[in-house]
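*Asks:* the following block contains a protein sequence and its predicted model.
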Amino acid sequence: MAATVVMASCEEAAQPLRAAGALLALNPQLLVMLGDDPYYNTALTWGAYTTTRVTTSSTAASIKDRVHAMWSKPGWREILAARTAGRLRISWAGGDDHRWADTADHTVTQAQTGGGPTGATTQAEVNAIATAWYTAHRELGNTYVDWPSAASLASNNGDMPSAPATAGAPMAASAFPVIYHYVDLAADGSLGGRHARIIVPDLITYRSPVDDTDNSSKRCMGAVQEAWFLAAVREAWSAGYQHIVVASSKKLYTGDATGRYGSGENTDTWGEYTTERDRIFGALHADGIRVTVMSGDRHTPNVVRRTVADHGAAFDCLDLCACPTGVQNNDNGQKDTTGQLWLRSSPSRYESVFGSLQFQDDGRLRMAIRDARSGLIRWGCWVAPRSNTPLYE
């Protein structure tokens with residue numbers, strides 16, 4: 001049996017995880033959550049489950065209770081049962097901006113403008129809330145997510161970054177459990193193989209504020225994680241891995257504003273960190289390395305294919321954004337912009353989607369955006385080994 005990986009993001013706040021049935025029907029070996037799961041920055045209720053913004057009065061215990069409640073919801077609990085039974089591993093893209101704030105960047109400025117934790121008026125208060133949040137998730141350990149173990153820090157989980165790359169007083173490194181990691185798979189989906197490497201970066205915890213000037217000092221990954229990421233990609237390529245996939249919580253490119261149906265998204269993407277993005281992926285491209293990307297968090301499903309030859313880009317890109325609940329932002333239909341195809345929702349603007357990676361017996365990779373109810377492919381392509389050129393049949 002060939003390996004299957006599924007990816008989802010932007011769970012509908014307090015609602016059940018509607019995509020769970022179709023996700024599990026593919027019998028995946030790995031599920032990667034790519035962000036926005038669930039929203040804690042607003043008051044929403046489903047049954048006994050309620051989300052509220054993390055505040056200055058939140059504790060590690062109360063934050064853990066929110067996570068426990070999330071996994072008791074329909075859909076989530078079925079996924080957890082599959083993990084408990086040993087049929088599935090779960091990765092999380094980490095540092096999700098809605099778990100403890102709204103698009104938080106660990107600064108008091110963000111908190112005071114409504115995007116950070118409620119009640120925070122000083123950087124010290126923001127630091128205290130962030131510390132409680134990360135403490136909670138460190139204490140949760142592997143209860144729901146298969147974090148890499150401490151023994152793997154020197155290999156597939158990097159070293160502890162020294163501090164967040166943000167304004168304000170830096171937080172101690174002890175406040176940040178490193179959660180970026182990669183998972184290596186054999187062609188049959190078993191762990192530890194050398195067929196595919198799924199790299200799951202953390203694009204929230206160490207980033208500079210989104211509104212900072214985009215230059216060499218603006219970071220999305222942070223310097224330590226960037227070095228780890230480049231090493232992880234290059235090591236896999238040198239070892240002959242057939243596919244390297246970046247499971248990114250941020251799209252590589254921001255949508256063009258001149259599309260037939262508008263942009264259909266906000267700008268919280270890697271496109272706000274173009275200097276870093278082009279430096280990292282441009283360097284890999286210059287080395288002859290080709291990676292694919294499955295992204296989330298943008299609330300609109302789309303496919304980006306940009307090449308150096310056709311678009312003057314810094315690197316060739318194949319990025320599928322499979323965002324489950326996001327099609328309400330693009331309810332008018334498909335649009336084609338510069339190197340991007342935006343998917344129309346069907347049958348309603350609230351229809352959900354998720355992403356899938358299926359590694360074929362002949363070595364190819366089948367990448368797809370699938371309907372969350374039926375599991376049918378809404379958009380898909382094949383990718384040959386050590387390539388990121390989409391192929392169609």
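*Replies:* Cool, got the structure. Numbers count the residues shown, from 1 in each chain.
*Asks:* from here on, contacts and neighbour counts on C-alpha atoms
*Replies:* Fine.
*Asks:* tell me where the stretch 51-200 of the chain has strands.
*Replies:* Listed in chain order, the strands of the stretch 51-200 of the chain (DSSP state E, counting those that start in this stretch) span 89-92, 181-185, 196-200.
*Asks:* next, format these as a markdown table and append mean neighbour count and distance to residue 268.
*Replies:* As requested, the strands of the stretch 51-200 of the chain are exported to a markdown table (neighbours: other CA atoms under 10 Å; distance: least, CA to CA, whole Å):
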| stretch | mean neighbour count | distance to residue 268 |
| --- | --- | --- |
| strand 89-92 | 23 | 18 |
| strand 181-185 | 22 | 22 |
| strand 196-200 | 24 | 18 |
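*Asks:* switch those over to CSV; also include mean pLDDT.
*Replies:* Formatted as CSV, these follow (pLDDT from 0 to 100):
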stretch, mean pLDDT
strand 89-92, 89
strand 181-185, 89
strand 196-200, 94
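*Asks:* to residue 216, which of these lies closest?
*Replies:* Evaluated with CA to CA, the strands of the stretch 51-200 of the chain place strand 196-200 nearest to residue 216, the distance being 23.0 Å.
*Asks:* tabulate the strands of the stretch 51-200 of the chain (a markdown table), appending distance to residue 364.
*Replies:* What follows is those, written out as a markdown table (distance: least, CA to CA, whole Å):
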| stretch | distance to residue 364 |
| --- | --- |
| strand 89-92 | 22 |
| strand 181-185 | 14 |
| strand 196-200 | 11 |
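*Asks:* looking at the ones you listed, which is nearest to residue 56?
*Replies:* strand 89-92 (25.1 Å).
*Asks:* same for that closest one, what does it pack against?
*Replies:* Where contact means 3 or more CA pairs under 8 Å, 6 or more residues apart in numbering; DSSP states H and E, strand 89-92 is packed against strand 30-33.
*Asks:* what pairs with the strand it packs on, parallel or antiparallel?
*Replies:* Strand 30-33 has the following strand partners under DSSP bridges: strand 4-8 (parallel), strand 89-92 (parallel).
*Asks:* could you dump those to TSV with distance to residue 137?
*Replies:* Converted to TSV, the strands paired with strand 30-33 look like this (distance: least, CA to CA, whole Å):
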stretch	distance to residue 137
strand 4-8	20
strand 89-92	12
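*Asks:* looking at the ones you listed, which is closest to residue 352?
*Replies:* strand 4-8 (10.0 Å).
*Asks:* following the closest one, which helix or strand shows up next?
*Replies:* Moving toward the C-terminus from strand 4-8, the next helix or strand (DSSP states H and E) is helix 20-25.
*Asks:* for that next one, output the C-alpha coordinates as CSV.
*Replies:* The C-alpha coordinates for helix 20-25 follow below in CSV (Å, rounded to 0.1, in the frame of the first residue of the first chain):
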residue,chain,number,x,y,z
ALA,A,20,-13.0,13.9,9.2
GLY,A,21,-15.0,11.2,7.5
ALA,A,22,-13.5,11.8,4.1
LEU,A,23,-10.0,12.3,5.6
LEU,A,24,-10.1,8.9,7.3
ALA,A,25,-11.6,7.2,4.3
